[in-house]
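Student: the sequence and its predicted three-dimensional model are supplied below.
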Amino acid sequence: MYNKAFFINFFTSVPREKWNSGNVYHESTGTSCAIGLLGNRQQLDVRIAEPAIAVARLCKLFKDNDIFHKEYGNAESAGWNIAAVNNGEHPDFQQEHPQDRILAALEFCKESWPVTY
């Protein structure tokens, strides 16, 4: 089940050196943004069984908690919600490292609705 607790556990388990800002997957460094990490773009100890569903679920979690890219709006189907936080473009999540920004956004989220997919 892709819920808040799942995402916190998953992103906490990813080593800091595997993260980047601005690239789904950067081949020369072997790093990924949050979307790339969910999409199994690199070898991690934890693999996502359904990466497209996981990304969609995280987009929905951010949308439902009004975490979105101010320029592009609150589009549930786009990865802009995740990218804005990951890349430091969201004014509320300005931590130094992308992992810290994603985890801060997840801690901010309230999950009070049922998970249906």
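Tutor: Right, received. Where do you want to start?

Student: for M1, give its distance to I8.
Tutor: According to Cβ to Cβ, to the nearest Å, M1 stands 13 Å off from I8. For the C-beta atoms, the positions are set from N, CA and C on the backbone; glycine is no exception.

Student: so those two - more neighbours on which side?
Tutor: Comparing M1 with I8 by other Cβ atoms under 10 Å, the one with more neighbours is I8, at 15 against 7.

Student: any idea how far V14 is from that one?
Tutor: 11 Å.

Student: in the chain, where's the longest helix?
Tutor: Looking across the chain with DSSP state H, the single longest helix is helix 51-64.

Student: now tell me what touches the following helix or strand past that helix from outside.
Tutor: For helix 51-64, the following helix or strand on the C-terminal side (DSSP states H and E) is helix 80-86. Outside of helix 80-86, the residues within contact range by Cβ atoms under 8 Å, 6 or more residues apart in numbering are 21, 33-35, 55, 58-59, 62-63, 67-70, 72, 74-75, 89-90, 93, 98, 101-102, 105.

Student: could you give me the ChimeraX syntax to select whichever of these are buried?
Tutor: Selecting only the buried entries of these in ChimeraX, with 16 or more other Cβ atoms under 10 Å as the criterion:
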select :21,33,34,35,55,58,59,62,63,67,68,69,89,90,93,98,101,102,105
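
Student: check the burial of E27 by counting its neighbours.
Tutor: E27: 9 neighbours (other Cβ under 10 Å).

Student: all set now, cheers.
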